[in-house]
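Colleague: Sharing a sequence plus its predicted fold:
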Amino acid sequence: MEVKSTTKYVRLSPKKARDVAREIQGLPVSSALDILTYTPKKAAALISKTLKTAIADAEHNFSLDTNTLVVKEATIGIGPAIKRFKPRAKGSAGGIRKPTSHIFITLTGSAPEKKQRAPRKAAAKKVEKTEEGAAEEQA
């Protein structure tokens, strides 16, 4: 079972966030959270929030055990850049791009095993009747 969580339009450069995202790929969720907690970057806090959201979704929406979850994929996409202008010499203006990014996290975990139901009474009676009919034919 895969659980996906996204955070869009984060005011952070994708290049800076990708360095942090690469560190947690393929790790169990508990160790990924530990790494993000002690990483002194802005991206670590934002990725940590997205990871915690994915864990909560897996636990509450899909009834997955948080101990078995693994970070399958942590990718950072490019969002739209906010464009600003700054005055320059001789009445000109210089452009400033403020990049944004999208954070995508995919977790994998084993789905809980479903309990096998007992056969219905009607189905059980049919099975008994067919067994009796087969016994009579043999006699």
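Modeller: Looks like it arrived, so ask away.
Colleague: low-scoring stretches of the chain, by residue?
Modeller: Along the chain, the parts satisfying pLDDT under 70 run over 111-139.
Colleague: Please verify my assumption that Ala44 contacts Ala17.
Modeller: No. In this structure Ala44 lies outside contact range of Ala17 using C-beta atoms under 8 Å: 9.1 Å. Glycine gets a C-beta too; all of them are placed from N, C-alpha and C.
Colleague: Looking at those two, which one has more neighbours?
Modeller: A count of neighbours by other C-beta atoms under 10 Å puts Ala17 above the other of Ala44 and Ala17, at 25 against 20.
Colleague: And the more buried one, how far from Phe104?
Modeller: 11 Å (C-beta to C-beta, to the nearest Å).
Colleague: Overlap in contacts, these two.
Modeller: Ile76 (C-beta atoms under 8 Å, 6 or more residues apart in numbering).
Colleague: any idea how far the helix ranked longest in the chain is from the chain center?
Modeller: Using DSSP state H, we find that the single longest helix of the chain is helix 42-61. Remark: helix 42-61 is offset 8 Å from the chain centroid, using C-alpha atoms, centre = their mean, to the nearest Å.
Colleague: Stretch 3-16 now?
Modeller: Counting by C-alpha atoms, centre = their mean, stretch 3-16 comes out at 13 Å from the chain centroid.
Colleague: And the contacts of that stretch?
Modeller: The contact list for stretch 3-16 (C-beta under 8 Å, 6+ apart) reads 17, 41-43, 46, 49-51, 53-54, 57-58, 61-62, 64, 69, 76-80, 82, 98-109.
Colleague: Weed out the non-buried ones from these.
Modeller: Using 16 or more other C-beta atoms under 10 Å as the burial test, these include 17, 43, 46, 50-51, 54, 58, 64, 69, 76, 79, 99-107, 109 as buried.
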